[in-house]
Every structure is written in structure tokens, then in C-alpha cells.
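need coordinates for the following:
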Amino acid sequence: MKLFSLISAISVFVTLLTIQATQVDKPEMISKKEWGGKEKTGEIPTHEIEYITIHHGGVEFPEDKDPKEYMRNLQKFSQDDKNWIDIPYHFCIDLDGKIYQARPLEYPGDTNTEYDPAGHALINVMGNYEVQKIKPEQIEAIIHLSAWLAQEYEVPTDSIATHKDHSDQTVCPGKDLYKYFEDGTIISGIKELLSK
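Prediction:
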């Protein structure tokens, strides 16, 4: 009986170690405070994350542009000109694959197209991938961030897509980024991280 209890305890311990080993670590992020962002303005209803949706900024992003300045300008435009509570996305990824925190995840994002972003965790890749080439560091950041979000919010991989998959009014996230969804690179990478 004691041997059975010991074997059971070891089995539970090994299972717990296996579960811990399969956890996707939270990626490093540059906080709103670090990039000089302000708090959200106003209140809107909260939402529950059911989808992960990838966007691009739609504006070319040169190598020498300061991503922190981009974040501050985007927030100013979003709050002052669009009257949104914050940047429309929850996360932004720069040319080096660094991730910036934007709108708090508990609030749905905003869009200029017809789809309803409630329930979506929105990831924006700085740049215009109709004309720019996506970098491996950015693909890696998309995969890591998406896998972590999928784990945290129990989002199935078939609910991870792009803006144009939800809207007929856009080419976002641009053809050079979208091809990595079409050929399965991004979703396969997410599945691989989630299965480790």
C-alpha cells in the first residue's frame, strides 16, 4: 500500500513537472510607462478574449524611426483625433521584434473597418507589409506572443487569424506578412510552442 502511494505521488509529481514544462513563458514587453504612454481615457465595456488577430500599421516604418515615438504619436492620434480610449491594439511589435504594451487587454480594441473587435486580442506589427518585408524577428515575436495569449486565454489555434480574415475592407496585415499565415508558418510555430 505504501509502495502504491509512493508510485502515485511520483506520478503526480512527474505530471506536474510535465505541465510546467509545457508552459509558454510570457514574452518580454516594453511597458506603457517605459515608452512614455498615458493612461486610457474614458470607460468602455470590458470583454473576454476569444480570438487573436494580427494587424499591420499600414504605414511604412523606416529602420531609423523611433518605435517609442511611434507609440506616443499613435496614442495621441487615437485619443485626440479618433476619440478612442487608447491605441486601438493591445500590443505592437517593432522592426526588431520587440513587443510594446498598448491598450489594456480587458478592453476591446478599435478598428476603421466593419468587423467587431470585441473578443479579439489585437497585435499590430509596425510597418506596411504590402511594401515592406517582414523580418524573422517579427515573425518570432508574433508566434511567441500569440502562443502565450492562446495559453493564457485558452484560444484555439483556429481562432488566430489576421484583420483581412475578419474584414472585406482591408488588405491588412499586408501580403508579405499574410503569406506566413497562408503557408502555415505562423500557426505551426504557435502549435509547436504550445506542445512543448
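
now do the SS call for the most centrally placed residue in the chain.
By CA atoms, centre = their mean, the chain has its centre lying nearest to residue 123, at 3.7 Å. Under DSSP: H, G, I helix; E, B strand; the rest coil, residue 123 falls in the strand class.

who's in contact with it?
Shown in contact with residue 123 (CB atoms under 8 Å, 6 or more residues apart in numbering): 52-55, 89-93, 142, 145-146. In short, each C-beta sits where N, CA and C put it, glycine included.

mind running it again at 6 Å?
For residue 123, the contacting residues are 54, 91, by CB atoms under 6 Å, 6 or more residues apart in numbering.

next one: the one 10 residues further on
Each residue near residue 133 by CB under 6 Å, 6+ apart is listed here: residue 176.

which phi and psi does it have?
Per-residue torsions, residue 133: phi -100, psi 130 (degrees, to the nearest 10).

please apply the same query to residue 147.
The phi/psi pair for residue 147 (degrees, to the nearest 10) reads phi -60, psi -40.

make sure it is actually in contact with residue 193.
Yes. The pair residue 147 / residue 193 is scored as a contact, 3.9 Å apart, by CB atoms under 6 Å.

just the helices in the protein please.
Secondary structure of the chain by DSSP state H: the helices cover 2-21, 32-35, 67-76, 136-153, 163-166, 175-182, 185-195.

rewinding a little: list the residues that contact both of residue 147 and residue 193?
Jointly contacting residue 147 and residue 193 under the rule CB under 6 Å, 6+ apart are residue 24.

and those two? Which one has more around it.
Counted by other CB atoms under 10 Å, residue 147 and residue 193 do not tie: residue 147 has more neighbours, with 25 against 18.

picking that back up, and the residue nearest to the centre of the chain, how far is that from residue 87?
Distance from residue 123 to residue 87, counting by CB to CB, to the nearest Å: 12 Å.
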